[in-house]
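> when you get a sec, could you give me coordinates for this:
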Amino acid sequence: MNTGYQVTFFTQQDRTHKQQPLAQWLVAKAAELGLPGATLNGGLEGLGHDGRVHSLNMYDFSDQPVQIVMILSEGEYERLLAALKEEGVTVFYTRTRVEYETLNG
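So this is what the prediction gives:
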């Protein structure tokens, strides 16, 4: 059994970094760093830190809340965090210690 972190980033579809949607940029950065995976999830509705309700509607996806989830070793987490700090990325995230493994892998 491996130990590490579940790192979850919270943002919106319309937030950008380097003229690219932030969520997609984070997934691409994970790939660039050789991290083992990242999953982007879209939400229907969420309450932001600004007190506003953000939601997906059939005419406008820009306000959709999204999460990017990664399971990382401690070293992978430290590399990712250093890269994000170097890039000047501003994003809210949580880090939870987890145990993980791949069955029959």
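> who touches stretch 73-92?
2-5, 7, 9-11, 15, 17, 22, 26, 29-30, 33, 35-36, 49, 70, 72, 95 (CB atoms under 8 Å, 6 or more residues apart in numbering). Quick note: C-beta positions are derived from backbone N, CA and C, even for glycine.
> taking the mean pLDDT, what do you get for it?
Stretch 73-92 shows a mean pLDDT of 97.
> pull out the buried positions in that stretch.
Judged by neighbour count (16 or more other CB atoms under 10 Å), stretch 73-92 contains these buried residues: Glu76, Tyr77, Leu80, Leu84, Val89.
> what comes up buried for the longest strand seen in the chain?
For the chain, the strand that runs over the most residues, judged by DSSP state E, is strand 2-12. Residues of strand 2-12 classed as buried by neighbour count (16+ other CB under 10 Å): Gly4, Tyr5, Val7, Thr8, Phe9, Phe10, Thr11, Gln12.
> what's the weakest-modelled helix or strand in this protein?
strand 53-55 (a mean of 70; mean pLDDT, DSSP states H and E).
> so what's Val98 up against?
So Val98 contacts Thr3, Gly4, Tyr5, Gln6, Ile71 (CB under 8 Å, 6+ apart).
> I'd say the third one and Thr94 touch.
No - in this structure Tyr5 lies outside contact range of Thr94 using CB atoms under 8 Å: 9.4 Å.
> hmm, back to that, toward the C-terminus, what is the element adjacent to the least confident helix or strand of the chain?
Using DSSP states H and E, the helix or strand that follows strand 53-55 towards the C-terminus is strand 65-72.
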